[in-house]
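Q: 3D, please:
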Amino acid sequence: MSDLIEVGVIAGAYGVRGEVRVKSFCAVPEDIENYTPLWTADRAREVKLAILRPIKNGFAARIPEVANKEEADALRGTSLFAERDHLPSLPDDEFYYTDLMGMDVYDTGGVLLGTVKNVANNGADDLLELQLAGSSATTFLPFTKAAVPTVDLAARRIVADPPLGILPEKETP
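A: Okay, here's the model as predicted:
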């Protein structure tokens, strides 16, 4: 498991005085400010973020080293990461997306279905994007207790009971 967890992204400049637009991925969006200093993915840059006010789809924020619109625009698309030990511990049935990435997914009979390629949130439920075993195809699996009864972080293994129609039909000879 990674020691950095993605908690947000800089969406670009906000105004002309060096403020940035920040989209938070935190359960409580304002909490992104509590996890500073934040880091870029490669730890090349430390980011001290101060939220100024809520705006549509995020927050206007200040980063002390950013003085103008051009510097703020240069940060557009920069993912922000917090150190895992600065984040709250999660209940047993909750997971950080990054911990699920790359995990093998088996059906309830022990057959390998694929590997978690991505975790998406469409607003209603989380979805696991599976890279199907032995294929270049992917499919989406609802990340619910019914469809995913077991997640074993230590073994890096997920047991799934996919709803009918999720997996492609196997050809019969």
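
Q: What is the host helix or strand of L80 packed up against?
A: When elements are defined using DSSP states H and E, L80 is found to belong to strand 79-83. Helices and strands touching strand 79-83, by 3 or more CB pairs under 8 Å, 6 or more residues apart in numbering; DSSP states H and E, are strand 4-13, strand 38-39. From N, CA and C alone the C-beta is placed, and that goes for glycine too.

Q: can you point me to the longest helix in this structure?
A: Secondary structure assigned by DSSP state H gives helix 69-74 as the longest helix of the chain.

Q: list the buried ones in that helix?
A: For helix 69-74, burial by neighbour count (16 or more other CB atoms under 10 Å) applies to 69, 72.

Q: So what's the model's average confidence on it?
A: Averaging pLDDT along helix 69-74 gives 96.

Q: Residues touching that helix, excluding its own?
A: Defining contact as CB atoms under 8 Å, 6 or more residues apart in numbering, one finds that helix 69-74 is touched by 10, 12-20, 63, 65-66.

Q: Outline the domain layout of the protein.
A: 4-86, 97-160 (automatic domain parsing).

Q: can you put the ones you listed in JSON lines and add distance to P168?
A: Formatted as JSON lines, the domains of the chain follow (distance: least, CB to CB, whole Å):
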{"stretch": "domain 4-86", "distance to P168": "31"}
{"stretch": "domain 97-160", "distance to P168": "7"}
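
Q: Looking at the ones you listed, which is nearest to I166?
A: Counting by CB to CB, I166 lies closest to domain 97-160 out of the domains of the chain; the figure is 5.9 Å.

Q: Compute the first-to-last residue distance for the closest one.
A: Terminal residues of domain 97-160 are spaced 17 Å apart (CA to CA, to the nearest Å).

Q: so where's the protein shaky on pLDDT?
A: Low-confidence segments of the chain, defined by pLDDT under 70: 1-2, 123, 169-173.

Q: cutoff 80 now
A: 1-2, 92, 121-125, 168-173 (pLDDT under 80).

Q: now the helices for it?
A: Using DSSP H, helices in the chain cover 69-74, 97-100.

Q: Turn the ones you listed into JSON lines, including distance to P54.
A: Listed next are the helices of the chain as JSON lines, based on distance: least, CB to CB, whole Å:
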{"stretch": "helix 69-74", "distance to P54": "18"}
{"stretch": "helix 97-100", "distance to P54": "23"}
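
Q: so which of these comes closest to L90?
A: Nearest of the helices of the chain (CB to CB): helix 97-100, 9.4 Å.

Q: For the closest one, give me every contacting residue.
A: With CB under 8 Å, 6+ apart, helix 97-100 has contacts from 1-2, 4-6, 116, 119, 128, 151, 153, 158.
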